[in-house]
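Undergrad: Prediction below, plus the sequence it came from.
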Amino acid sequence: MTVVARRLASVPARLASETWLRVIYLVAPTNTAAQDELRRVTGIASSLITREAMKDSPIVVTGDGPRIRLYCVYGEEAIEGEGVNEAALPDSPAESDTWSLSLPCPADDLSWVQANLKQHSSRVTARDLAEASPPETEKMADLEASVNMDSFLRP
């Protein structure tokens, strides 16, 4: 499984709602239906960004392409751009009909965040930020690693 990560400058370099808009345009640069669905959860996502939920636990986006991990950079690092990478993604996960997005959420807010997300989106969910990213751990456990020695040793 291929994983692509980005680190977005957030508070105080930009407002939490502006950070979420950056997420929207990374995930769905051309799919207006996906953009509309992501905009419907702006308030919820912005509150999680403000709580710094995405500092160490990523927003995880899946679709037909690689798994996307989006982290937020806060404080002085965000202002200076240290470690920030906001480059466009190689593929838009929202171009498929199977895309989904998982937001990390502090445990004390999880129940209300999940309930509110269900009212606005069928594709955006929340998980406890202390838990592993969604399904990746299960999928990775099912994979067997192997090396094609002919290709590896080829000059």
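TA: Received, thanks. Numbering: from 1, shown residues only.

Undergrad: Now the nearest residue to Glu52 once chain neighbours are set aside. Its backbone dihedrals?
TA: Of all residues beyond its chain neighbours, the one nearest Glu52 is Tyr74 (5.6 Å), with distances taken as CB to CB, 6 or more residues apart in numbering. The C-beta positions use only the backbone N, C-alpha and C, and glycine is treated the same way. Phi and psi for Tyr74, reported as degrees, to the nearest 10, are phi -120, psi 170.

Undergrad: For Tyr74, give me the pLDDT.
TA: Note on Tyr74: pLDDT of 98.

Undergrad: Isn't it up against Arg14?
TA: No: taking contacts as CB atoms under 8 Å, Tyr74 lies outside contact range of Arg14: 10.7 Å.

Undergrad: Any idea which residue is closest to the centre of this protein?
TA: The residue lying closest to the centre of the chain (CA atoms, centre = their mean) is Ile59, at 2.6 Å.

Undergrad: Tell me how far that residue lies from Leu8.
TA: Computed with CB to CB, to the nearest Å, the distance linking Ile59 and Leu8 is 9 Å.

Undergrad: Between the two, which contacts overlap?
TA: When contacts are counted by CB atoms under 8 Å, 6 or more residues apart in numbering, Ile59 and Leu8 are jointly contacted by 23, 70-71.

Undergrad: low-confidence ranges in this structure?
TA: In the predicted model, the chain carries pLDDT under 70 at residues 1, 132-155.

Undergrad: OK, contacts around the residue nearest to the centre of the chain?
TA: Contacts were defined as CB under 8 Å, 6+ apart; by that measure Ile59 touches 23, 68-71, 101-104.

Undergrad: Any idea what it is bridged to?
TA: Leu70 (DSSP bridges).

Undergrad: all helices of the chain, in order?
TA: Secondary structure of the chain, counting by DSSP state H: helices at 16-27, 32-39, 42-50, 75-80, 110-120, 136-142, 149-153.

Undergrad: Mean neighbour count and distance to Ser96 for the ones you listed - can I get that in CSV?
TA: Formatted as CSV, the helices of the chain follow (neighbours: other CB atoms under 10 Å; distance: least, CB to CB, whole Å):
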stretch, mean neighbour count, distance to Ser96
helix 16-27, 20, 12
helix 32-39, 16, 10
helix 42-50, 20, 21
helix 75-80, 14, 31
helix 110-120, 14, 20
helix 136-142, 10, 17
helix 149-153, 7, 29
